[in-house]
Structures are given as structure tokens and as C-alpha cells.
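> Have a look at this fold, sequence not included:
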């Protein structure tokens, strides 16, 4: 169904470089970074492999059309220009996602509806009946990106977002998405052969992502299914071959310890549950521990702190002692480590009392954050 063509791997702002490096390691061609993602070329196996292996991506989109769009008629005609019968049958369901800005058409709901009309009209004319809409769990998810009157229409090969690995059922307060947690691990430069510690692990996402990376477990292995598996022409044999190859390359044990701790009983209990579902509970060291009592394995190693950063002024004031304590623990207990602090509050970060050797700008949803690097000699 798909010869070599273009794909777009979307991600959080600030993660594009890391995602580009992941794609280069996968061996795909023509990798180029853009705002919010990375473009690459490949065939069917490249799309399957990207969904299976990419730790930092949100979705893998396959563009099928691009055209100027300043009116409802131009939109309708442009959508009708795609041969939808290749991807959709009357028995399948579809859903249209739309994001737009700086364009003559200003209502995303209207654009999505018009797109859906053009698709189902074409299928009805060709086949005599039409697919139905399913916004929750469609067989085909169509993505319309309309910026400055230029419309790009893509098929979402992933289905639901790639950060939903399947191991985190209960969404705890202010959770870090799995792909952003994986990006923090990638940005730390940790390769799995020295200790890794998350002293404020919450429900365990960062530590779990570190363990998956070190054990060479592809994050897509944990998911039930992907969007492309429901398309006409899905190559079951190719996909099974990629799964077998991935399982063959996984390690049976961690090369170095990976641990997480937290002061909250309920968070650590949830971290254990998540680790069990991710298949790494036997490899992780998780414990309830205040950070003042932290005693990591001897360095060198990597440590990532992800403390709360308080949205309201009163909360921020109350968090200053915690940030000071993080700085004290780094100085007194973490010699030989490279430590990272991920925060959305630079004012609070000053309370750490150490000079960061690097500052990386990242976005946690809409919040501009920094990943601050500290060399603890």
C-alpha cells in the first residue's frame, strides 16, 4: 500500500532534537527537524518501526495531501482530491482532528465537519454506502493542519497518542507524560551502564522509562494496538517480524541499578503497580523515602529531580524550602553524579543554591520549563 513516502513524527516543544536523533538511530532517511516534530522518509516498515520504537514521539503522521485553502469549497475540493478508497472502506469508522491558526477558516469544528463530508461523499459515490464516524476509537484518524491558508491532510498511523504506553492506568496529580519523561532520560545522556536515580519519583514514570530504555524494550511493545493495524493492506507478517526482532534484542537484566523513591506512600504504591504493568517491577528499586535520607549507589551516575513547581504565589513560597533541601542533598549525598532538575519555575530553582552548567528549554503541555544540569564533583 505504501511505497517510500514522507512521515511526520510530532512531539513536545523542545524535544525535536532528541526525536531526530532517535530517528537517525532507527536508520530512516531524510530526517529534518521542524517546530513540534521531525519529518522523515521511509516505507511501510519505517512507519511500523517508528511507532514501535520511538520513545519521545507523540504521533506518527502520514501526509496524503497539501493545498492552498481559503474557503470551504477549496477545503472540500482539496479533500476530495485524495483517493480515500485506499485507506477506508464503508465498513470502517473515521474521525477528523483539526488544528488551525492564522487562516481564513477560523472554526476547527467546521473544518473537521467539512473534511468528513468530503471523505464520506467520495466513498458513498464509489461504493454505494459510507463509513460512519467514531470520535472515541476510530479505524482511521484523519489529521487536518491548516496554517496561514495552507492545508496539510495526514493519516494518523499511531491511533491514540504514543505517550499512552498502557502501563499507567491511574492518572495521578499533574503527571508527566511518558514520552516527555523518556525525553528527560534521553537529554540526560544516560545510556544505562551507570546508576540512575529519581529521588522524587511520584508514580514512577521517569524511572520506568529509564528501565525500559536500559533493557532495550521498545515502548510500543506495551500497547494494545496502533492505527495502521486497522487499515486495509496492513502487513501482519512484517509487523510480527518487527515484534520478534525487538523481543530478541531485549536484555534480561539491567546493566546498572535504576531506582526511585518518594515521600508519599500512595505514590510509591502506584509506582509499583505501573512498573508491574510495564514489566520492569523485578528490575526497579522503588522505596518510600524522604529526600533528606537519600543514599544513592556510588557515582558516577545520573539523577533526575522532578519536584512540584506551584502555580499560585502562596504555593511557590511554601516550596522554597523543598528546593533548598534538593540543593543540600545534591551537595552532601550525590558526589560523582550528574543531576538534573526539571521545573516550570525558575524563581524556585534559585533556591537550589547551585549553578547549572546547562539549561534546556522544554514544554510540559503549555508550561515553559527548564531542565537544569548540575555537575556534582
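Good, I have the coordinates. Fair warning: this is a prediction, and the values are worked out from it, not measured in the lab. Numbers count the residues shown, from 1 in each chain.
> any idea where the helices of the stretch 1-150 of the chain begin and end?
16-26, 44-53, 72-80, 108-127 (DSSP state H, counting those that start in this stretch).
> now, of these, which is deepest in the fold?
With neighbours defined as mean count of other CB atoms under 10 Å, the helices of the stretch 1-150 of the chain peak in mean count at helix 44-53, which reaches a mean of 22. The way it works is simple: take the backbone N, C-alpha and C, and place the C-beta from them, glycine included.
> what about stretch 338-348, how long is it end to end?
Start-to-end span of stretch 338-348 (CA to CA, to the nearest Å) is 20 Å.
> Please apply the same query to stretch 223-238.
End-to-end distance of stretch 223-238: 18 Å, with CA to CA as the criterion.
> can you check stretch 359-377 too?
18 Å.
> To residue 140, which of the helices of the stretch 1-150 of the chain lies closest?
helix 108-127 (9.0 Å; CB to CB).
> Need the residues that contact that closest one.
72, 75-77, 79-80, 82, 84-85, 88-90, 94, 96-100, 105, 129-131, 133, 142, 144, 146, 153 (CB atoms under 8 Å, 6 or more residues apart in numbering).
> quick one: least confident helix or strand in this structure?
helix 313-333 (a mean of 89; mean pLDDT, DSSP states H and E).
> Could you list the buried residues of that helix?
316, 319, 323, 325, 326, 327, 329, 330, 333 (16 or more other CB atoms under 10 Å).
> what element comes up after that helix heading to the C-terminus?
Using DSSP states H and E, the helix or strand that follows helix 313-333 towards the C-terminus is strand 337-343.
> Give the pairing partners of that following strand; include direction for each.
Strand 337-343 has its sheet partners listed here by DSSP bridges as strand 301-305 (parallel), strand 367-375 (antiparallel).
> Okay, and the most centrally placed residue in the chain sits in which element?
Closest residue to the average C-alpha location of the chain: residue 179 at 2.9 Å, with CA atoms, centre = their mean. Assigned by DSSP H and E, residue 179 falls within helix 178-187.
> Find the pair from the buried residues of helix 313-333 with maximum spatial separation.
316 and 333 (25.4 Å).
> quick one: residue 213 and residue 263, what's the gap?
Remark: distance between residue 213 and residue 263 (CB to CB, to the nearest Å) = 26 Å.
> whoops, residue 3 was the one
As judged by CB to CB, residue 3 and residue 263 stand 54 Å apart.
> cool, and residue 235?
From residue 235 across to residue 263, the span is 49 Å (CB to CB).
> Looking at these two, which is more packed in?
Taking other CB atoms under 10 Å, residue 235 and residue 263 do not tie; residue 235 has more neighbours (17 against 14).
> all strands of the stretch 51-200 of the chain, in order?
Assigned by DSSP state E, counting those that start in this stretch, the stretch 51-200 of the chain shows strands spanning 59-68, 93-101, 132-133, 140-147, 150-156, 196-198.
> Between these, which one is closest to residue 308.
That would be, of the strands of the stretch 51-200 of the chain and by CB to CB, strand 196-198, which comes in at 14.4 Å.
> ok, and what's touching the closest one?
By CB under 8 Å, 6+ apart, the list of residues contacting strand 196-198 from outside reads 185, 190, 204, 206-207, 210, 214, 256-261, 294, 296-297, 301-306, 337.
> repeat for stretch 211-219
Contacts of stretch 211-219 (CB under 8 Å, 6+ apart): 52-55, 162, 165, 178, 182, 185-186, 190, 192, 196, 209, 246, 249-251, 254-256, 258, 275, 278-280, 283-284.
> Residue 340 contacts residue 188, correct?
Yes. Using CB atoms under 8 Å, residue 340 is in contact with residue 188, at 5.4 Å.
> For the residue sitting furthest away from the middle of the chain, give me phi and psi.
Most distant from the centre of the chain: residue 128, at 39.6 Å, with distances by CA atoms, centre = their mean. The phi/psi pair for residue 128 (degrees, to the nearest 10) reads phi 90, psi -10.
> So residue 43 versus residue 6, what's the distance?
Between residue 43 and residue 6 the distance is 11 Å, computed by CB to CB.
> Oh, that last question was meant for residue 255, not what I typed.
With CB to CB as the criterion, residue 255 and residue 6 are 37 Å apart.
> What of residue 360?
In this view, residue 360 and residue 6 are 28 Å apart by CB to CB.
> any idea of the mean pLDDT for stretch 351-365?
Averaged over stretch 351-365, pLDDT sits at 94.
> Equivalent analysis for stretch 257-268, please.
Rounded mean pLDDT across stretch 257-268 is 95.
> just how off-centre is it within its chain?
Mean C-alpha position of stretch 257-268 versus that of the full chain (CA atoms, centre = their mean, to the nearest Å) differs by 22 Å.
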